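Trainee: sequence first, predicted coordinates after that:
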Amino acid sequence: MLRGKTIIVTGANSGIGKATAAELLRRQGRVIMACRDRERAEKAALEIQQETGPDRGELVIKLLDLASLKSVRSFCEEILKEEPKIDVLINNAGIYQCPYTQTEDGFEMQFGVNHLGHFLLTNLLLDLLKRSAPSRIIVVSSKLYKYGEINFDDLNSEKTYDKAFAYSRSKLANLLFTLELSRKLEETGVTVNALTPGIVRTNLGRHVYIPMLVKPLFNLASWAFFKSPEAGAQTSIYLACSPDVEGVQGKCFANCQEEQLLDKATDEEVAKRLWDISEVLVGITT
Ligand SMILES: NC(=O)c1ccc[n+]([C@@H]2O[C@H](COP(=O)([O-])OP(=O)(O)OC[C@H]3O[C@@H](n4cnc5c(N)ncnc54)[C@H](OP(=O)(O)O)[C@@H]3O)[C@@H](O)[C@H]2O)c1
């Protein structure tokens, strides 16, 4: 049971994040849904409350747009003012293969939201997480990291933009962020681990064009072969709650088991360089 535990889930109004929030609420946690759109968040909160029954914990909505560093900062200010502790932070929100767009601060959208927004969020909440130790940070990545590279000469896709590459790069950045952060968190009582959820039936594919004629077939295939959001949320829930992973640091999980990563996701030099550049990009001065 999670009574007395506070958990932040980014992107909790849809897909894996919504299913994660629902289960943590069912286990009586105090769940903060960090969402960018109040209306969508309220609709999801209502649905979650309806399906979790009267014995549930507490559900709170707070606005967070990861495509705006200003929004990330004001979300964190509110958390630091109002929350005495954070037990679990789940960096779940994500955007997939969108056309070339920029965040409010001029970053390529997938790199900006999936990596940089969460990078700033985690850093601004780190002291509170340390004060709340033992506490956990969970990073939702993707197996598609395998097709990414941290191309330091064009991190912001100013020379070329390939939407599939940019997604994979952002998910590789999630893993390298986990690696470098785990090093920094040694002996603090805060752990960070990543996960890859598998292929899950969610709204993630909203920017992917599927011709009208193929759509019914695609929908059928997705019902047959993709995981449900509830199944896709299992590893996030496991990392948030299970005593099995107490003290486990800097690993990646799939289906609630440790997953071996390619060398590109365990390269400490690249992880450190990406960290340092990310600090500059989001304007953290430490
Ligand atoms: N589905 C899969 O097969 C799969 C596979 C591997 C990894 N993943 C990862 O799983 C995570 C969850 O994705 P999902 O599949 O559940 O997709 P989803 O249903 O599209 O949910 C994504 C969530 O992220 C939020 N989000 C997007 N941009 C945001 C921003 N700028 N600020 C704040 N929130 C933002 C969305 O909010 P709105 O609803 O307001 O847009 C939504 O709540 C992602 O990190 C994704 O990369 C998914």
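Mentor: That came through fine. Residues are numbered from 1 along each chain as shown.

Trainee: the lowest-mean-pLDDT helix or strand in the chain near the ligand at all?
Mentor: Within the chain, no helix or strand scores below helix 215-225, which has a mean of 84 by mean pLDDT, DSSP states H and E. No. Counting by C-beta under 6 Å from any ligand atom, the ligand has no neighbours in helix 215-225; the shortest distance is 9.6 Å. For glycine as for every other residue, the C-beta is placed from the backbone atoms N, C-alpha and C.

Trainee: right, and the helix or strand after that helix?
Mentor: Downstream of helix 215-225, the first helix or strand assigned by DSSP states H and E is helix 229-232.

Trainee: element containing Ile138, please.
Mentor: According to DSSP H and E, Ile138 maps onto strand 135-140.

Trainee: contacts for that strand next, please.
Mentor: Contact with strand 135-140 is made by 16, 85-92, 94, 118, 122, 129, 174-175, 177-178, 181, 189-195, 197, 236, 239-240, 245, as judged by C-beta atoms under 8 Å, 6 or more residues apart in numbering.

Trainee: what's the spacing between the least confident helix or strand of the chain and its chain's center?
Mentor: Relative to its parent chain, helix 215-225 has a centroid offset of 26 Å by C-alpha atoms, centre = their mean, to the nearest Å.

Trainee: just the helices in the stretch 1-150 of the chain please.
Mentor: Taking DSSP state H, counting those that start in this stretch, the helices of the stretch 1-150 of the chain run over residues 15-26, 38-52, 69-82, 109-110, 118-131.

Trainee: which strands or helices does the shortest one pack on?
Mentor: Using 3 or more C-beta pairs under 8 Å, 6 or more residues apart in numbering; DSSP states H and E as the contact test, the elements touching helix 109-110 are helix 163-184.

Trainee: which of the contacts of strand 135-140 fall within strands?
Mentor: Judged by DSSP state E, strands contain the following of these: Val88, Leu89, Ile90, Asn91, Val190, Thr191, Val192, Asn193, Ala194, Leu195.

Trainee: mind putting these in JSON lines, pLDDT included?
Mentor: As requested, these are exported to JSON lines (pLDDT from 0 to 100):
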{"residue": "Val88", "pLDDT": "98"}
{"residue": "Leu89", "pLDDT": "98"}
{"residue": "Ile90", "pLDDT": "98"}
{"residue": "Asn91", "pLDDT": "98"}
{"residue": "Val190", "pLDDT": "98"}
{"residue": "Thr191", "pLDDT": "98"}
{"residue": "Val192", "pLDDT": "98"}
{"residue": "Asn193", "pLDDT": "98"}
{"residue": "Ala194", "pLDDT": "98"}
{"residue": "Leu195", "pLDDT": "98"}
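
Trainee: what's the most distant pair in those residues?
Mentor: Farthest apart among these by C-beta to C-beta are Val190 and Leu195. That separation is 17.0 Å.

Trainee: more crowded one of those two?
Mentor: Leu195 (27 against 23; other C-beta atoms under 10 Å).

Trainee: what pairs with the more buried one across the strands?
Mentor: Val140, Phe253 (DSSP bridges).

Trainee: equivalent analysis for the one 5 residues further on, please.
Mentor: On the basis of DSSP bridges, Val200 takes part in beta bridges with Lys227.

Trainee: just checking, it touches Gln234?
Mentor: No. When contacts are counted by C-beta atoms under 8 Å, Val200 is not listed as touching Gln234 (10.3 Å).

Trainee: buried sites along the strand holding Ile138?
Mentor: Neighbour counts over strand 135-140 (16 or more other C-beta atoms under 10 Å) mark Ser135, Arg136, Ile137, Ile138, Val139, Val140 as buried.

Trainee: those also near the ligand: which ones?
Mentor: Near the ligand, judged by C-beta under 6 Å from any ligand atom, the entries from the buried residues of strand 135-140 are Val140.

Trainee: excluding chain neighbours, what is closest to Asp154?
Mentor: The spatial neighbour of Asp154 that comes closest, neighbours along the chain excluded (C-beta to C-beta, 6 or more residues apart in numbering), is Thr160 at 6.9 Å.

Trainee: count of residues packed around the one you found?
Mentor: Neighbours around Thr160, by other C-beta under 10 Å: 10.

Trainee: much appreciated, bye for now.
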